[in-house]
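Participant: Take this sequence and fold it.
(chains A and B)
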Amino acid sequence: MTSSNDELASLFEELADRLDAQDVAYKPTAYRRAAENIREFPDTVAALAETDGVEAVQQIDRVGEAIAEKIVEYVETGEIEELDAQREALPVDIAGLTSVEGVGPKSVGTLYSALGIETLADLETAAEDGQIQTVSGFGQKTEANILENIEFAKRAQQRQLLGEALPIATDLMAHLDGIGAVGRCETAGSLRRWRETIGDVDVLIASDEPAAVIDAVESWPAVESIIEAGSQKASVRTAGVRVDCRVVDPAEFGAALQYFTGSKEHNVQLRNHAIDRGLKVNEYGVFDVSAIDDPDDGQRVGERIAGSAEPDVYNALGLSYVEPELREGRGEIEAAAAGELPNLLTLDDIRGDLHIHTTSSDGTESIESMVAAATERGYDYLSITDHATGPGMVGGVGLTDDELESQLATIHELDDDAAITVFAGVEANIHADGEISVGDELLEQLDCVVGSPHAALDGDGTDRLLAAVNNPLVDVIGHPTGRLLGQRSGLDIDSSTLATAAADTDTALEVNANPRRLDLDGSRVQAAIDAGATIAINTDAHRSERFDYVNYGVHTARRGWAQSDDVLNCQPVDAVRAFFDR
DNA sequence: GCCGTTTTCGGCCCGACTGTTTTCAGTCG
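Facilitator: Predicted structure coming up:
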């Protein structure tokens, strides 16, 4: 059993923290950057290491020889010698301790040396006993903060789902909207980039009266506690999430929005791009520092050439505007410099939904009701894809082949009367061996066959999904990895291999728009498109209001550089029908 | 440890806030 990218990435993050604790310079950053790229890599890194060795792993951005060798070492032996040595040198639960707000690797190192603190429990006891404030560099305030923040850390807060964080941000912005001092107000950070999970909510506010805005943030009814509140930023907690608010000068709003949207890697690359051109980018603007002796002498040094509008920041650097979803340091700066950024699809490009459920299986509305709602949305077509019975279908949910055949007749009748095209389909189970849970004779009669994995969702699923892709009766692979965010990681799949086969067989790979899934994710979409595969963006709606989830799917596909041409359900109905028939 | 229209060695983004300091280190984003 190969280890997941997430597991590998965590090992290198741990190593980074441990080196950081010992004041080692630069290596921690190198390990963290590599870890990030390992986590986002669309194929299984451990499998790559196992079959193709050190050199193949080095194709991952920011992974050089040393890290590649450690990956191979871990895959072969289950251990990384360097990490084991570091664990021995500093025998502490570094992930647990640094999960406390305000406690970083350096503090962990200091507290271990001074007090022998190894675990969260040790930290709590020491704080309660007043031991922390006796350590040089720590005081009463720090000790009190640790005690308070430890409670929050113990709740093992994970990253929040995008679908949960977005409503929180919307609520805050509605609250601020009624405040006179508040000008423009936008989300920033990973929320604006539509990452599937969010570390914290970032909100940016333009105002000439920052103090009034900070007050307004503090008076937001949802606030549970205030982490910090200065003259230009305030951080609060609500519903287990940290919300960071920053107030900026309206003339600098665009630069600040660019800066706080990130990602970190994107901004590093953007800054380097600027430095190469005698320019300086920071949260206050783009400055021409070519005639300045010391570009680092102050925040607003040189002649400001952009600042109030975000697109100007990019244009001033000779780049076309980079959409937030693309800002992950995956080649977008080079593409923007060359004028080769994709023309990303938008919500308006979506013409139908190819994967939804009704009361015939586990949905809550009738076929007629779902069709009416799709018509109301302005869609041109809708695929009815109720579950077929099979493993993974809890409580006997799902239609037998006989029931599907009778539903098929109903759908055809409805299609004749409906204003939009109604495709007859099914969501069939892809068994662990790749077999499909519905008979071939029936599949042949259906317009749209979605095959999805529903059980045995661990280990490598590449061969299983390849079997389904190569089945000529399967049109769409639904939620390919089967992941549930924050609950299960799902199947490991080699996205490029799968996508190449999908392109060859005219099988679409789904971006399941349910915010608990978002499966495929952005980097896998990008790998799929690079391999020439077609994407489908489906909501998997079990009631009509869930059609709204399509927005999450669209933005996830945009993170994968998708254009409308890449997406099956951005095409007119005849093209979709032709795709099903191929 | 990584990386290269400045380079295979010498750099590595930048700033706010806090708490502990008395000029700065650590943390965070």
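Participant: pretty sure residue A:209 contacts residue A:215?
Facilitator: No: counting by Cβ atoms under 8 Å, residue A:209 sits too far from residue A:215 to count as a contact (9.5 Å). No exception for glycine: its C-beta is placed from N, CA and C like everyone else's.
Participant: The stretch 101-250 of chain A against DNA strand B: which residues are in contact?
Facilitator: Within reach of DNA strand B by Cβ under 7 Å from any atom of the strand, the stretch 101-250 of chain A has these residues: A:101-108, A:110, A:133, A:136-143, A:145, A:189, A:199-200, A:202, A:228-233, A:242, A:244.
Participant: and the worst-scoring helix or strand of chain A on mean pLDDT, is it in reach of DNA strand B?
Facilitator: Here the helix or strand of chain A ranked lowest by mean pLDDT, DSSP states H and E is strand A:303-306, holding a mean of 78. No: on the criterion Cβ under 7 Å from any atom of the strand, strand A:303-306 is out of touch with DNA strand B, staying 12.8 Å away.
Participant: Let me know the secondary structure of residue A:422.
Facilitator: What DSSP: H, G, I helix; E, B strand; the rest coil gives for residue A:422 is strand.
Participant: swap that for residue A:355, sorry
Facilitator: When classified by three-state DSSP, residue A:355 comes out as strand.
Participant: quick one, phi/psi of the closest residue in space to it that isn't next to it in sequence?
Facilitator: Nearest non-adjacent residue to residue A:355, counting by Cβ to Cβ, 6 or more residues apart in numbering: residue A:538, 3.5 Å away. Per-residue torsions, residue A:538: phi -120, psi 150 (degrees, to the nearest 10).
Participant: Then residue A:383?
Facilitator: Main-chain dihedrals, residue A:383, degrees, to the nearest 10: phi -100, psi 130.
Participant: That one reaches residue A:448, doesn't it?
Facilitator: Yes: if you go by Cβ under 8 Å, residue A:383 and residue A:448 touch, sitting 4.3 Å apart.
Participant: quick one, which of the two is more surrounded?
Facilitator: Set side by side, residue A:383 and residue A:448 show more neighbours around residue A:383, with 30 against 26, by other Cβ atoms under 10 Å.
Participant: Tell me what that one is bridged to.
Facilitator: Counting by DSSP bridges, residue A:383 is bridged to residue A:423.
Participant: What distance do you get for it to residue A:420?
Facilitator: Separation of residue A:383 from residue A:420 (Cβ to Cβ, to the nearest Å): 11 Å.
Participant: anything in contact with each of the two?
Facilitator: Residues touching both residue A:383 and residue A:420 (Cβ atoms under 8 Å, 6 or more residues apart in numbering): residue A:352.
Participant: on that earlier part again, overlap of the contact sets of residue A:383 and residue A:448?
Facilitator: The contact sets of residue A:383 and residue A:448 overlap at A:354, A:423-425 (Cβ under 8 Å, 6+ apart).
Participant: Closest one of those residues to DNA strand B?
Facilitator: Nearest to DNA strand B among the shared contacts of residue A:383 and residue A:448: residue A:354, at 37.1 Å, using Cβ to the nearest atom of the strand.
Participant: Now that closest one. Nearest residue, chain neighbours left out?
Facilitator: That would be residue A:383: by Cβ to Cβ, 6+ apart, it lies 4.2 Å from residue A:354.
Participant: Please tell me how far the one you found sits from residue A:441.
Facilitator: Distance from residue A:383 to residue A:441, by Cβ to Cβ: 20 Å.
Participant: cool, and residue A:471?
Facilitator: 14 Å.
Participant: Can you pick out the residue with more neighbours from those two?
Facilitator: residue A:471 (20 against 9).
Participant: Looks to me like that one is in a helix.
Facilitator: No: remark: residue A:471 does not belong to a helix; assigned using three-state DSSP, it is coil.
Participant: Please enumerate the strands of the stretch 51-200 of chain A.
Facilitator: Here the stretch 51-200 of chain A has its strands, by DSSP state E, counting those that start in this stretch, at A:160-161, A:185-188, A:197-198.
Participant: Kind regards, and thank you for your time.
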